[in-house]
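1. Give the three-dimensional model of this entry:
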Amino acid sequence: MSCNSCSSDINSTPKGCKSNGNCNTGDCEKLTVFDWLGNMSLPTGQKPVDVVEVRFKNGRKHFYRNHDNLPISIGDIIAVEGNPGHDIGTVSLTGELIKVQLKRKGIKIDSEEINKIYRKATQKDIDTWTAVRNKEYETQYRGREILGRLGLKMKLSDVEYQGDGNKATFYYTAEERVDFRQLIRDLASAFSIRIEMKQVGLRQEAARLGGIGSCGRELCCSTWLTDLRNVSTSAARYQQLSLNPQKLAGQCGKLKCCLNYELDTYLDALKGFPRQDVILRTEKGDATFIKMDIFKGVLWYTYKENRIKWFKLTLEQVQEIIALNKNNELANSLEEYESDILEVAKVEFENVVGQDSLTRFDTPKRKKKRRNKSRNNQKTQAQAKNKSNQQKRNLNPNQKKSTKNQQKSNPNRNKKRRPPRKSTNTTKNE
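-> Numbering: from 1, shown residues only. The predicted structure is shown next:
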């Protein structure tokens, strides 16, 4: 998706580019389909298809027939037949590709179930549509309050108003059968509209609400995936993944749909590997399978009697042992096979630039130790001076007199002694 979380806005306005649903990249809509037949002209004498695909809130799509041959193109907002009244939607696909989409959905092109298009939406229709959609959050909040008061075991996940505001569809999930007759009466009296309850699965709920997956991208079911197939734990086993439900489950609580993407490739790669229940018979004893690395073509086996050590064998070695066992011959010990494997030394990092440092042009940092030493010396000198001053203050008056008398008796005691002058013997030349 080109815009960040543009599909999760309630008002069909992309949050990334703010282009009101008409993104220049063409990727702002949910479950968009690229019309690769749009630039091709029709054969002579063939009429264009009068069915168009219309998208509603959260990727809900339906097909409608253009009886009046209105000039409709992708991105137009139109009014279509509803039940009852009319609904407002955006045209998502036109042209010959509609036949392919109808075939995928199992709908015949001449089916009577396809409703008709009334007109292009007027400004009054668009204003009513936007005003009604702005009430969906409040309606959902009040609906959850009514659910809590009634104590029903169901989860109200989304609310969608019809374009004319005469009907609201409440989407919910429930594990068991729920009697919501009293709920419909309370909702109808609270909002004074026609109420329709529609139960969806957990995968459909995640597809409608959208979100970000563990891969960092938007959910596949809310962007391009339309065929939600069942995913079993065997898909994780074939891909040698740990059966950890916290890592294998998506936001819907079910197994991730992406587990099926590479399953066929793994199945093709596993055709050359032996079955995991095959026992290798060697001279030292029978060995059983532990694990394998499909991409490197390596398998690990261990002895039945001594399971302390695992032995690493290549696929060719395992196939050789199996061929010997079919001829009722015992293979050599696994230690000998493991010693025959030549390990290729990995290429470590090489300094292509050279031995020059990346910070060679930076100014060297000054050392802080000298400053700290000078500061410590100043602190110690100041502490010693304060200590001597404090000792002088704490002297008794008799001690002070004795120190003064000593200074008077020895006046030159505290004076600095000068070094003696050198005697110079000068002789005059007569």
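
2. Against residue 91, how distant is the residue positioned nearest the centre of the chain?
-> When CA atoms, centre = their mean is applied to the chain, the residue found nearest the centroid is residue 216 (2.7 Å). Distance, residue 216 to residue 91, by CB to CB, to the nearest Å: 32 Å. Quick note: C-beta positions are derived from backbone N, CA and C, even for glycine.

3. pLDDT below threshold where in this structure?
-> Under the criterion pLDDT under 70, the flagged ranges of the chain are 1-30, 342-356, 367-376, 391-430.

4. can you give me the strands in the stretch 51-200 of the chain?
-> Applying DSSP state E, counting those that start in this stretch to the stretch 51-200 of the chain gives strands spanning 51-55, 61-65, 77-81, 86-93, 115-120, 155-161, 167-173, 194-199.

5. The longest one to strand 61-65, inter-axis angle?
-> Same thing as strand 86-93. Orientation check (axes from the mean of the first three to the mean of the last three CA atoms, to 10 degrees): strand 86-93 against strand 61-65 gives 100 degrees.

6. Partner strands of strand 86-93, with direction?
-> Sheet partners assigned to strand 86-93 using DSSP bridges are listed as strand 51-55 (antiparallel), strand 77-81 (antiparallel).

7. Residue 143 is nearest to which of those?
-> Nearest to residue 143, of all the strands paired with strand 86-93, is strand 51-55, at 24.4 Å by CB to CB.

8. Tell me how many other residues crowd residue 35.
-> Counted with other CB atoms under 10 Å, the neighbours of residue 35 add up to 17.

9. brain fart, residue 274
-> 16.

10. circling back: let's have the strands of the stretch 51-200 of the chain in TSV, adding distance to residue 139.
-> Output for these, formatted as TSV (distance: least, CB to CB, whole Å):
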stretch	distance to residue 139
strand 51-55	21
strand 61-65	22
strand 77-81	22
strand 86-93	17
strand 115-120	25
strand 155-161	5
strand 167-173	6
strand 194-199	10
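
11. Select, out of those, the one closest to residue 180.
-> With distances scored as CB to CB, the stretch of these nearest to residue 180 is strand 194-199 (5.8 Å).

12. Can you list the neighbours in contact with the next helix or strand after the closest one?
-> Helices and strands here follow DSSP states H and E; after strand 194-199, the next one along the chain is helix 202-209. Residues from elsewhere that reach helix 202-209 (CB atoms under 8 Å, 6 or more residues apart in numbering): 8, 58-60, 157-158, 171, 173, 200, 219, 221-222, 225, 228, 250-254, 257.

13. repeat for stretch 242-257
-> 202-203, 205-206, 211, 213-214, 219-221, 225, 228-229, 231-233, 235-237, 241, 259.

14. let's see it at 10 Å
-> Applying CB atoms under 10 Å, 6 or more residues apart in numbering, the contact partners of stretch 242-257 are 173, 201-207, 209-215, 219-222, 225, 227-233, 235-237, 241, 258-259.

15. now the strands paired with strand 86-93 as a markdown table including distance to residue 299 and mean neighbour count?
-> Formatted as a markdown table, the strands paired with strand 86-93 follow (distance: least, CB to CB, whole Å; neighbours: other CB atoms under 10 Å):
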| stretch | distance to residue 299 | mean neighbour count |
| --- | --- | --- |
| strand 51-55 | 50 | 22 |
| strand 77-81 | 60 | 20 |
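
16. do you know which of these lies nearest residue 359?
-> Across these, residue 359 has its closest neighbour in strand 51-55 (56.2 Å, CB to CB).

17. how about that closest one as CSV, C-alpha atoms only?
-> Taking Å, rounded to 0.1, in the frame of the first residue of the first chain, the C-alpha atoms of strand 51-55 are listed here in CSV:
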residue,chain,number,x,y,z
VAL,A,51,-22.2,-5.0,-15.3
VAL,A,52,-19.9,-3.1,-13.0
GLU,A,53,-18.3,-3.9,-9.7
VAL,A,54,-19.1,-1.6,-6.8
ARG,A,55,-17.1,-1.4,-3.6
